[in-house]
Structures are given as C-alpha cells and as structure tokens.
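# Return a 3D structure for these sequence lines:
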Amino acid sequence: MDCRTHHRVLQPGSPADPSLWSGRRRGQAAHPLGSLQDPEVPRRGVALPNRLRPRCSRCPSNSPAGVRDADARRHRSRSPHANPENWRIGPIRRHPGPHRHLPEVAPVFGLAFRFPTGRYHATPWGRNVNEADVAWPPEPWRILRALVACYWRKGDREHWSEGDLARLIDTLAEDLPVFHLPGGAIHSHTRHYMPVRKGKSESKTLVFDAFLHLPDGAEVHVLWQDITLTGNSLDLAKDLASGIGYLGRAESWTECRALTEAGCEPNCGPAELGFEGEPLRLLVPRSPSAYQLERTRLIARETARIQAAASSKRPPTKHALQTKLDRSFRAKGKGGADTLPESLVDALSLDTADLQNRKWNQPPAAYEAIYRRAPTVRPGVLPRSLGRPRNANSKPELPTVARYLLAGRPRPRVEDAIKIGEVMRAAALSKFGWRADEATGKRHPLAPWQISGRDRDGRPVHDPGHPAAFWLPEDADDDGWIDHVTVFIASGMDEEVRFGLDRVTRIWLTPRAERGNLSDDARIDEWRLALEGFGRPQDFDGSSRILAASRRWRSVTPFLASGHLKRHGYAGELRRLLKRRGIATEDVTVKELSEVSVSGTPRRALNFYRFRSRGREIQHDSRGSLLEIEFPRVVRGPLALGYASHFGLGMFGGEVG
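Residues are numbered from 1 along each chain as shown. Down below sits the predicted model:
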C-alpha cells in the first residue's frame with residue numbers, strides 16, 4: 001500500500017467504512033457489502049488487518065503513548081470523531097474494548113546508565129577492595145538490586161504496591177540481559193589511607209579505590225530482549241529507573257532512563273546466545289522458579305545435616321527442627337534477617353552484610369553466568385607519560401617496563417619469588433595461544449620471542465644482553481609479602497607485546513598432583529593483577545627498589561651461579577656475568593652476606609626457594625649466596641644475575657632515593 005492509499009479519506013459506504021466493521025447497529029440490517037465474499041469487508045467478529053484499521057486524525061490516539069478504539073459509534077458524543085472526513089487509514093493496535101487509552105507495550109525493555117562524573121566504582125562479589133578489580137559490565141544482579149533499593153528508598157508506595165515490584169523483578173529475572181558498552185573505558189585507581197577504628201585506637205590502612213574512567217557522555221545500555229513489559233510494570237520500571245542515583249558504590253553517580261527499543265547493537269552478552277570475545281563471569285539473578293528450587297535444595301540439605309547431627313535415640317521434634325533451620329539461615333544478632341526468604345524480591349533486598357554474616361560465598365538468589373565481551377570495549381590502561389618531550393622527528397622510545405599490582409589473601413612470600421616469576425610467564429604465554437606439533441603432540445607457544453625467550457624453532461635465545469623478558473616479583477613495602485610484579489624487556493615492548501601483557505589479570509599456583517590426581521582439599525592459591533602502567537625504569541623512581549638508580553645494591557633473592565663455581569667463588573662469578581652484560585667491573589666491590597633482612601627478620605639463602613619447577617636449563621648450583629655490590633658510579637636497575645634470574649632469583653635492590 002503506497003502512502004497515497006494509506007492516507008486516503010474514508011467515504012461512507014466504502015469497503016473501509018467504519019460503520020461496517022462491527023456488523024449492524026441495534027435494529028439495523030447488515031450492509032450488503034458486509035460479507036465474506038469481499039475480503040476487504042469482514043463480517044461481524046472478524047478482525048480487520050492493521051493496515052486497514054482506522055485512525056482518527058484529530059484524536060490523541062495518534063501519539064505513541066496510547067491508542068483509542070476507532071469505532072465511530074464510540075465517538076458519537078464528540079462531533080470531530082463522528083465526521084468521516086476525519087478518519088484516516090493507518091496501522092494502529094487492535095483494541096476491542098470501550099474508548100480508552102491502551103497501556104503502552106515495550107517489545108524490548110532496557111536501561112541506559114550515564115555517569116556524570118565519568119567514573120564507575122563497583123567491586124565484584126567475593127573480591128576485596130584492595131584487589132583493585134571493577135565489575136564491568138555492571139552485573140544484572142546489581143542492577144535489579146538497584147531497582148529494589150530505589151523502590152524502598154524513593155518509590156511511591158501508595159501508588160505502587162509490593163506486588164507490583166515483585167512482578168517487575170520476577171519478569172526481569174526470567175531473562176539474561178545483553179549490554180552495549182562504550183569504548184574507551186580506562187581502568188584506573190587511587191590510593192589513600194583509610195582510618196580504621198579498633199576500640200579506642202585508630203589505625204590508618206592503605207586502600208585502593210579502583211574505578212573505570214568513561215568518556216564524556218558515554219552510556220551503558222542494558223537490554224532484556226526476550227521480555228515484554230506492559231501497563232503497570234512498564235510505568236513502575238520507568239519510575240524506578242528515573243530515581244536511581246548511583247550504581248555500584250556511592251561514588252558512582254548515575255543518571256538512568258528506561259528504554260523501550262534497542263537503539264544500538266549489543267557487544268557483550270551470554271556465551272550461550274552465541275556472543276564472542278573475552279569470557280568473563282557475571283553475577284545474575286535466578287529466575288523465580290530456579291530460586292524456589294535452589295531454596296528447597298538448601299533447606300533439604302540443612303535439614304539432613306541437622307538430623308544427622310542429632311542423637312539417633314532422640315531425633316529433633318518438628319518445632320525444634322524448624323527452630324534450628326531458622327537459626328541456620330538467619331543473620332546473627334538481634335533482629336537478624338532471614339538470608340533465605342521465600343520470594344525472589346525479598347532475597348534481592350537483603351543487605352550484603354547479612355549475607356556475609358552467614359558466610360554465603362555467593363548470594364542464594366544469584367549464580368555466575370559466562371558472558372563474552374567484545375575486545376574493542378575491554379577497559380584499557382593508559383601508560384604513564386613521564387619524561388622530557390622528545391624531538392618530533394625522533395622515533396618514540398618503546399617502553400621496557402610493565403609493572404603490576406598483585407592483590408590476594410594471603411599474598412605470596414618473598415622467599416617464593418621464583419614460583420611467582422614462573423607462573424607470571426605462563427600467564428603471559430597463555431594470552432598469545434599455542435601451536436600443536438602434529439609429530440610429537442607437544443605444544444609450542446605463539447608468543448613473540450621477547451615473551452617466550454625462544455625462537456620459532458623452540459630454541460632458547462642466546463644473547464649476552466638478555467633481551468627477553470625478566471619476570472621479577474617484588475615486595476615494595478618491605479612487609480615480607482610480594483605486592484608487585486615487574487616485567488622488564490630490555491629490547492622494548494612493541495604493540496603486540498603490550499597488548500598481551502595488558503590482558504594478564506590473574507595468576508595462580510596449583511599444588512603438585514600425586515599420581516596424577518589432586519585431592520579434593522588441595523588448595524589453589526590465586527592472586528589478581530592490576531597493570532599500573534608501561535614505561536621506562538626511571539618512570540618508577542621512588543616506588544621500586546629493583547628499578548632504582550644506585551651505587552650500592554644488595555641481594556633481594558639469592559644469587560646462584562649459572563655454571564660451576566670457579567676458585568674466585570661467587571664474587572668471581574658475579575664479575576663474569578657483569579662483564580657479559582657490558583658493565584665495567586673495575587673498582588667494583590663484591591661482599592658476601594650471611595643473611596638479609598626480610599621485614600625485619602634475618603633470612604639466609606637456604607630460606608629461599610631456589611629451584612625451577614621445570615625447564616631445560618641445567619642447575620649447577622643449588623645453594624646460592626647473598627651479596628652486596630658497590631659500583632664506582634650509579635647503575636640503573638633492574639639488576640638480576642645468575643641462574644633463573646629471568647624468574648626472580650639473583651635479584652638486587654638499590655637504595656631508593
């Protein structure tokens with residue numbers, strides 16, 4: 001139908017005359033045209049296609065917010081509607097009832113979040129704030145809790161009942177939303193001392209405030225594609241969305257609005273829907289039925305535990321069993337909340353402190369779903385731009401240092417530095433993928449030689465300058481625990497290397513398996529990594545001992561000879577390796593130390609772990625020594641020499657400042 005036909009004026013008695021659509025009036029014979037022989041004129045009770053249903057040109061039903069019934073008999077009290085000249089053909093929604101506005105229908109419902117300050121603060125569930133992690137995208141579980149909180153804090157409870165809220169939350173929980181995330185997000189953090197009161201005393205603890213910096217005007221779109229909101233549910237959702245003032249932590253000021261159509265293509269969604277990209281886990285709410293099943297399972301498990309713990313001669317009575325069940329799931333303290341309530345909306349309304357009080361490792365009304373995020377919207381890290389301006393014609397210097405903050409509980413000991421160096425390299429190799437050798441079945445890394453330390457044939461890169469990566473764990477605050485990992489590549493980090501290192505976000509240590517199997521109680525230690533930035537060693541002056549510029553250097557980890565010890569001992573071996581690095585050894589003083597101080601505790605070389613977990617390099621020296629070196633002039637770090645120096649052994653620390 002062209003636009004001229006679409007907007008033609010209806011003539012009385014024509015096939016599209018409104019008086020013919022609903023049959024005859026009371027006491028009036030049916031129009032002869034009102035028969036099934038003419039497909040354009042349905043009989044009474046037969047629905048007319050939308051393309052031929054009328055729309056009043058002078059009725060507010062033309063607006064998107066509502067549609068009125070178009071039967072002329074409903075308009076006979078209003079002269080404009082009774083005039084057929086005002087009737088136009090147009091696609092409207094069919095409504096068989098009396099003259100009234102139809103409730104708006106949202107075929108797709110969504111929320112758009114904009115952060116006026118350009119910062120988004122949110123710590124994922126189960127993470128410590130000092131791990132400097134940010135939940136991105138915002139978890140669906142967090143978003144529904146924001147709607148619930150807005151209802152209880154700002155909602156008009158005289159207009160909207162708790163039942164209206166429950167229906168809205170139950171509907172949204174039935175579907176996994178998809179996201180459209182803005183590009184250009186930057187992961188950053190600040191550090192400050194937080195006063196912590198313990199009784200009458202007060203201590204100051206250094207905390208990390210991690211956040212994402214978003215471009216000006218950027219919006220996060222959250223879309224539920226498979227649900228339809230109508231009537232009260234849609235109006236309530238719009239009302240609550242307009243009242244959300246922050247998302248995540250209170251610093252994340254936000255402006256929120258409801259969406260009724262998808263205006264952009266999602267770039268992050270559930271893996272089960274076919275989304276591709278970087279996998280990540282998001283906390284999503286259970287559907288109402290799934291929550292009831294989980295609640296029943298947890299209650300049955302706890303009931304069985306209580307009955308098994310009771311004496312076989314005197315099983316608990318029904319009342320006693322119910323009392324113990326209630327005590328098991330209720331938060332401790334006076335007036336503690338039930339952490340396993342009957343309804344989903346009540347479960348989403350729980351205070352996080354109540355869930356942590358009962359030591360829930362995960363909210364019972366939520367579970368972790370695998371989402372995939374497009375690489376183009378992954379938060380990046382800006383390098384620190386320090387140093388004097390360069391000549392416009394000169395080539396920019398490639399960064400040689402990538403420094404990470406390591407967080408976890410407990411953090412690894414300085415004595416285990418070589419273990420952290422090895423797993424750090426393995427984590428970086430995994431970001432570049434592997435190539436399988438069909439002949440031998442072995443895997444070969446696809447990482448560039450700067451990361452792997454091997455050429456394309458798998459042979460080690462032998463170069464006296466050691467241009468491949470050093471993986472150097474560090475205890476920057478001298479408390480005995482590793483808190484940073486520094487990657488140093490003397491030949492420079494090109495874009496490919498930086499892209500791979502930027503994706504390293506965690507490392508872990510798995511216990512050695514006995515006879516090929518790990519016991520169920522075997523503990524896997526895992527730590528999070530936050531990239532502080534790329535740069536040159538001088539960019540980190542004052543914050544790192546191993547990157548300092550100093551004349552006097554002292555062992556941080558034991559120095560092991562890379563070959564058989566000669567008659568000059570460790571001092572002679574050290575001078576030999578310094579010469580190979582191109583460092584003059586004239587007037588260099590080397591002194592052996594019996595011990596070094598680790599957080600005020602004297603530690604000998606034998607107190608450190610000094611062995612590779614695997615590798616083809618032969619270890620000639622297993623004892624090692626602690627040394628102090630004094631140069632005639634200032635030497636810039638890092639300084640790592642000897643066996644396994646690429647993985648954290650043989651590290652020396654300079655005098656900071």
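# how far out from the middle of the chain is the helix or strand where Asp164 lies?
Per DSSP states H and E: Asp164 is located in helix 162-173. From the chain centre to the centre of helix 162-173 is a distance of 26 Å (CA atoms, centre = their mean, to the nearest Å).
# Name the residues that touch stretch 146-157?
Stretch 146-157 is contacted from outside by 160, 165, 168-169, 172, 237, 239-241, 243-244, 247, 345, 348-349, using CB atoms under 8 Å, 6 or more residues apart in numbering. Backbone N, C-alpha and C define where each C-beta goes, glycine included.
# sorry, back to before: what pLDDT, on average, does the helix holding Asp164 get?
Here helix 162-173 scores 93 as its mean pLDDT.
# List the buried residues of it.
Of all the residues in helix 162-173, those buried under the rule 16 or more other CB atoms under 10 Å are Asp164, Leu165, Ala166, Arg167, Leu168, Ile169, Asp170, Thr171, Leu172, Ala173.
# okay if I get those residues as a markdown table plus distance to Arg286?
Formatted as a markdown table, the buried residues of helix 162-173 follow (distance: CB to CB, whole Å):
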| residue | distance to Arg286 |
| --- | --- |
| Asp164 | 21 |
| Leu165 | 17 |
| Ala166 | 14 |
| Arg167 | 16 |
| Leu168 | 16 |
| Ile169 | 11 |
| Asp170 | 11 |
| Thr171 | 14 |
| Leu172 | 12 |
| Ala173 | 7 |
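# returning to that earlier point: contacts for the next helix or strand after the helix holding Asp164?
For helix 162-173, the succeeding helix or strand toward the C-terminus, using DSSP H and E, is strand 178-180. Residues from elsewhere that reach strand 178-180 (CB under 8 Å, 6+ apart): 137, 220-223, 225, 264-270, 273, 275.
# Quick check: mean pLDDT of strand 178-180?
95.
# what's the following helix or strand after it?
strand 186-198.
# Need the max-distance pair from the contacts of stretch 146-157.
Greatest spatial distance in these: Trp160 and Leu247, 20.9 Å, computed using CB to CB.
# more crowded one of these two?
Leu247 (22 against 17; other CB atoms under 10 Å).
# how about stretch 631-647 as PDB, C-alpha atoms only?
Provided in PDB are the C-alpha atoms of stretch 631-647 (Å, rounded to 0.1, in the frame of the first residue of the first chain):
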ATOM      1  CA  PHE A 631      79.800   0.300  41.900                       C
ATOM      2  CA  PRO A 632      82.100   3.300  41.400                       C
ATOM      3  CA  ARG A 633      79.200   5.100  39.700                       C
ATOM      4  CA  VAL A 634      75.400   5.000  39.600                       C
ATOM      5  CA  VAL A 635      73.900   2.000  37.900                       C
ATOM      6  CA  ARG A 636      70.300   1.800  36.800                       C
ATOM      7  CA  GLY A 637      68.200  -1.300  37.600                       C
ATOM      8  CA  PRO A 638      66.800  -3.800  37.200                       C
ATOM      9  CA  LEU A 639      69.800  -5.900  38.200                       C
ATOM     10  CA  ALA A 640      69.200  -9.700  38.100                       C
ATOM     11  CA  LEU A 641      72.000 -12.100  37.500                       C
ATOM     12  CA  GLY A 642      72.800 -15.800  37.600                       C
ATOM     13  CA  TYR A 643      70.700 -19.000  37.400                       C
ATOM     14  CA  ALA A 644      66.900 -18.400  36.900                       C
ATOM     15  CA  SER A 645      67.500 -14.600  37.100                       C
ATOM     16  CA  HIS A 646      64.700 -14.200  34.500                       C
ATOM     17  CA  PHE A 647      62.200 -15.600  37.100                       C
END
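# what's the spacing between Tyr367 and Arg286?
Distance, Tyr367 to Arg286, using CB to CB, to the nearest Å: 6 Å.
# for Gly563, same thing?
Taking CB to CB, one finds Gly563 at 61 Å from Arg286.
# So which of the two has more stuff around it?
For the pair Gly563 and Arg286, the greater number of neighbours falls to Arg286 (22 against 13), based on other CB under 10 Å.
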